[in-house]
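Q: The sequence and its predicted three-dimensional model are supplied below.
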Amino acid sequence: MREVAVVGVGCTRFGELWNRSLRDLVVEAGIEALEDCGVGGEEIDALFVGNMSSGQFTKQEHIGCLIADYAGLASFHIPSVRVEGACASGGLAMHQAFLAVASGYYDVVVAAGVEKMTDVSTEDATDALAAASDREWEGFAGATFPGLYAMIARLHMHRYGTTREQLALVSVKNHANAVHNPKAQYRRNVSVEDVLNSPIVADPLRVLDCSPITDGAAAVVLAPLDIASEYTDTPIRVKASACATSTISLHDREDITTLDATKEAAKRAYSMAHISPADVDIAEVHDCFTIAEICAIEDLGFCAKGEGGKMTEDGETEIGGKIPVNTSGGLKACGHPVGATGIKQIVEVVQQLRGEAGKRQVDGAELALTHNVGGSGGTAVVHILSR
Amino acid sequence: MVVGLVSYGVYIPRYRIKIEEIARVWGKDPEPIIRGLRVREKSAPDIDEDTVTIAVEAARYSVKRAGIDPRRIGALYVGSESHPYAVKPTGTIVAEAIGATPHLTVADYEFACKAGTAAMQTCYALVKADMIDLGMAIGADVSQGAPNDALEFTAAAGGMAAIIGKGNDVIAEIEHTLSYTTDTPDFWRREGQPYPEHGGRFTGEPAYFKHIYNATKMLLDATSTTPEDYRYVVFHQPNGKFPMNVAKKLGFTEQQLLPGLVVGRLGNTYSASSMIGLAAVLDKAEPGDRILMTSFGSGAGSDTFSFVVRDTIEKIRVKEVPTVEELLSSPIYLDYALYAKHKNKIKF
């Protein structure tokens, strides 16, 4: 297997982008990534695009072809594949692109992610997202993701003494990070009090515990490490790309506070990169809800099970802490265009490893991890990147 | 030739329902709603009140206020999104009721919440072109919000009639008016649908804010004025928050905005919303005051006006015609059951 590097990154602003369509967004992110590394259309060997539900959100399927076409690549006839794994679609697209380059079959590959979510009502968006759960056993019974993660939060609080304030602190931290991210949806600080006073969504989760509905796209360009310097002075190595699945429904898990897919994908990634969790300098984790970040930092091995709340409260996941988590603002504050999130995480850590993250830069970051989850943990993708 | 308002009249039904009461029925916490909307209560019509009766009341007050012979009115337009008939004008009933028929032109207007101000522009143009002596522009609505929809907390009832004329009778000169219009589907109701639908937050930035901001900016440019040149500013007020935000963005102060911001005790009277705000300001304005008003109608567009109040305003402050403040005082509160009856929501 060849070593693979990220040579170019691009990302649109995240938010309610009323005047931008799916194709506008992904083409903008793609062009930014290509310009970042000076790659021309004729050099692209293949395109993988993560997208959860363009059909339900915009009534458009067949977007692999659509995106290549609107990126001006139709005359090159490149393979362009849509990858779907609910909210982990972006991470999976990155995994597929990595495999394509690592295998030696393709050289220059673009991994993109996009979701256009605000063309439908909140009710329809919630229903589209519920398609990531087990429709027969969860969705039809009325369980939506806020409800499922609320159950995880309840049990976590009951079993480990995690407090309501600790959950809120995840949101407070991620909003504080987003203030310094020009691409973020919510560039404003919130206080613990703000979170605790925000409208209830699914007890104990409130609005400010939940990631929003977002439009956005991100793209990265991958190339074999040995020729990466042709495209950039600062290639970022992809040391590991791993994914794992678990039961799709929450009720089939032995312990709903643990995402086995996360644990397994992390185990594989650490082994592939020959590192341990303690070596990780920064991480972008899948905080679709505040409780999800607490579970993630536990399942990724940054702290013992049950101590995620305390680790957050102690400030260890803040910029300047032991392991800064979600410097981009995370899904909570940067926004969560579901198919784009996994790629945006890669963009963020590449910028951090290059030392180009501006006011949210973590000094001396050398080893970064990204963690992207589909559904309530049916799919998890973990990447490890280094300078 | 000075062209502008020669009189105005407002009518608001006496019934109110509190936001708390609506929230109680739907199991919602009222405080965040009241805080978010900056609306505590809204008006509701009586059982037999509709856009026609409200328009007639407002029209009668406007004629009475300035002692106008209704036969001088050469044009009458009623702007509303709740005309009782799909086919058959509201305006003819109003014209007949006030004694303005038959030597006048009448039509109904519809442009969501700005149909009344569009009617003002038409009357202004007809007077300026010397085609008519006086024109009456009415904005009136018994606005509709589906049960448990966000709109139900604000959709209110009320009307305002503005009489536009020229010469010495003018109490507030229209210095300038212009519009800013695009096709922006933020709110709509199809034929036969009982309640309108809306695009949630899409009704904000790309609709309300974009149109009001651009129309007002264009007016300030066209008149070479700045916010400091105005004593009062009135914006369409679907809630209390939107006008506050757009005022701030345009550089107007709370002192300029609050006198005309009546939505907190009235709710959103749709076609009458900015016009009742204007009336509240005219009730207290002094000669020489400059007033800026910008309406907004979903779909979407904004009409904006710059008025200068004249000495003649003192002559039409008559006690027989209620001020907006008087119409808002001593309300009769309805519970949701009576409200549902008043709004004809109980079907059997």
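A: Everything's here; your move. Numbering: from 1, shown residues only, chains lettered A, B, ... in the order given.
Q: With chain B in mind, check whether the lowest-mean-pLDDT helix or strand in chain A reaches it.
A: Here the helix or strand of chain A ranked lowest by mean pLDDT, DSSP states H and E is helix A:122-130, holding a mean of 92. Yes. Using C-beta under 8 Å from any C-beta of the partner chain, helix A:122-130 reaches chain B at residue A:122. Any C-beta I mention is one placed from the backbone N, CA and C, and that applies to glycine too.
Q: And the strands in chain B, which stretches?
A: Secondary structure of chain B by DSSP state E: the strands cover B:3-11, B:15-18, B:41-44, B:73-79, B:105-109, B:134-142, B:157-166, B:172-184, B:187-188, B:197-198, B:232-235, B:290-294, B:299-309, B:332-333.
Q: now those strands as JSON lines including mean neighbour count and distance to residue A:212?
A: Formatted as JSON lines, the strands of chain B follow (neighbours: other C-beta atoms under 10 Å in any protein chain shown; distance: least, C-beta to C-beta, whole Å):
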{"stretch": "strand B:3-11", "mean neighbour count": "26", "distance to residue A:212": "41"}
{"stretch": "strand B:15-18", "mean neighbour count": "22", "distance to residue A:212": "31"}
{"stretch": "strand B:41-44", "mean neighbour count": "25", "distance to residue A:212": "29"}
{"stretch": "strand B:73-79", "mean neighbour count": "29", "distance to residue A:212": "37"}
{"stretch": "strand B:105-109", "mean neighbour count": "20", "distance to residue A:212": "38"}
{"stretch": "strand B:134-142", "mean neighbour count": "31", "distance to residue A:212": "33"}
{"stretch": "strand B:157-166", "mean neighbour count": "30", "distance to residue A:212": "35"}
{"stretch": "strand B:172-184", "mean neighbour count": "18", "distance to residue A:212": "23"}
{"stretch": "strand B:187-188", "mean neighbour count": "18", "distance to residue A:212": "22"}
{"stretch": "strand B:197-198", "mean neighbour count": "18", "distance to residue A:212": "19"}
{"stretch": "strand B:232-235", "mean neighbour count": "29", "distance to residue A:212": "28"}
{"stretch": "strand B:290-294", "mean neighbour count": "26", "distance to residue A:212": "30"}
{"stretch": "strand B:299-309", "mean neighbour count": "25", "distance to residue A:212": "24"}
{"stretch": "strand B:332-333", "mean neighbour count": "12", "distance to residue A:212": "37"}
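Q: Mean pLDDT and distance to chain A added to those strands, as a markdown table?
A: Formatted as a markdown table, these follow (pLDDT from 0 to 100; distance: least, C-beta to the nearest C-beta, whole Å):
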| stretch | mean pLDDT | distance to chain A |
| --- | --- | --- |
| strand B:3-11 | 98 | 35 |
| strand B:15-18 | 98 | 20 |
| strand B:41-44 | 98 | 21 |
| strand B:73-79 | 98 | 27 |
| strand B:105-109 | 98 | 28 |
| strand B:134-142 | 98 | 25 |
| strand B:157-166 | 98 | 27 |
| strand B:172-184 | 97 | 9 |
| strand B:187-188 | 95 | 13 |
| strand B:197-198 | 90 | 9 |
| strand B:232-235 | 98 | 21 |
| strand B:290-294 | 98 | 21 |
| strand B:299-309 | 98 | 12 |
| strand B:332-333 | 98 | 26 |
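Q: Can you read off the pLDDT for the closest residue in space to residue B:327 that isn't next to it in sequence?
A: Distance criterion C-beta to C-beta, 6 or more residues apart in numbering or on different chains; nearest residue to residue B:327, sequence neighbours excluded, is residue B:12 at 4.3 Å. If you check residue B:12, the pLDDT there is 98.
Q: Please list all residues in contact with residue B:12.
A: B:43, B:157, B:158, B:159, B:266, B:269, B:276, B:324, B:327, B:328 (C-beta atoms under 8 Å, 6 or more residues apart in numbering or on different chains).
Q: hmm, back to that, between the strands of chain B, which gets nearest to residue A:57?
A: Counting by C-beta to C-beta, residue A:57 lies closest to strand B:197-198 out of those; the figure is 18.6 Å.
Q: Tell me the neighbouring strands of that closest one, and mark each as parallel or antiparallel.
A: Partner strands and pairing direction for strand B:197-198 (DSSP bridges) are strand B:187-188 (antiparallel).
Q: what distance separates the strand it pairs with from the centre of its chain?
A: Its chain's C-alpha centre and that of strand B:187-188 lie 18 Å apart, by C-alpha atoms, centre = their mean, to the nearest Å.
Q: helices and strands around the host helix or strand of residue A:68, which ones?
A: Assigned by DSSP states H and E, residue A:68 belongs to helix A:63-70. Helix A:63-70 is packed against helix A:22-37, strand A:46-50, strand A:80-83, strand A:109-115, with contacts defined by 3 or more C-beta pairs under 8 Å, 6 or more residues apart in numbering or on different chains; DSSP states H and E.
Q: For chain B, which of the ones you listed is the nearest?
A: Comparison of the helices and strands packed on helix A:63-70 against chain B by C-beta to the nearest C-beta identifies helix A:22-37 as nearest, at 15.2 Å.
Q: Buried residues of the closest one, list them for me.
A: Using 16 or more other C-beta atoms under 10 Å in any protein chain shown as the test for burial, helix A:22-37 gives A:22-30, A:32-34, A:36-37.
Q: Closest one to residue A:57 out of these, please.
A: Using C-beta to C-beta, the buried residues of helix A:22-37 come closest to residue A:57 at residue A:22, 7.9 Å.
Q: That closest one and residue A:113 touch, don't they?
A: No. Assessed by C-beta atoms under 8 Å, residue A:22 is found out of contact with residue A:113, at 11.4 Å.
Q: hey, what's in contact with both of the two?
A: Common contacts of residue A:22 and residue A:113 (C-beta under 8 Å, 6+ apart): residue A:217.
Q: show me what contacts residue B:295?
A: B:113, B:114, B:116, B:117, B:235, B:236, B:273, B:274, B:275, B:302, B:303, B:304.
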